[in-house]
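>>> pasting the structure only:
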């Protein structure tokens, strides 16, 4: 399966937090994805880019907080996260890149 340039637009970056590390012990990897991407698009992009088999994709949208920037109120942008569960025997090492 070849990698299309649009698939790099779907997956923005891996998320490395304490919660994501706990999920990785159960064979899941957490990515920040584009806000308008669907679960089948995310699954196809992860399988093409990393060469693994995906079992399931769960998504969550975190609404942006109101913060102060240089004394003025502003809004952080909304973030969509994808919890990608991999088939048995497949792994992605996000700490070293591809």
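Looks like it came in fine. Since the model is a prediction, treat every value here as computed from it, not as a measurement. Numbering: from 1, shown residues only.
>>> how far does stretch 84-92 sit from the chain's center?
Distance, stretch centre to chain centre, for stretch 84-92: 14 Å (CA atoms, centre = their mean, to the nearest Å).
>>> I would like the residues contacting it, please.
Counting contacts by CB atoms under 8 Å, 6 or more residues apart in numbering, the residues outside stretch 84-92 that touch it are 26-31, 42-43, 46, 50, 52-58. The way it works is simple: take the backbone N, C-alpha and C, and place the C-beta from them, glycine included.
>>> so what's the residue positioned nearest the centre of the chain up against?
For the chain, residue 31 is the residue whose C-alpha lies nearest the centre (CA atoms, centre = their mean; 1.5 Å). Residue 31 sits next to 11-15, 42, 46, 81-82, 84 when contact means CB under 8 Å, 6+ apart.
>>> list buried residues within the residues you listed.
When these are checked for burial by 16 or more other CB atoms under 10 Å, the buried set is 11-12, 14-15, 42, 46, 81-82, 84.
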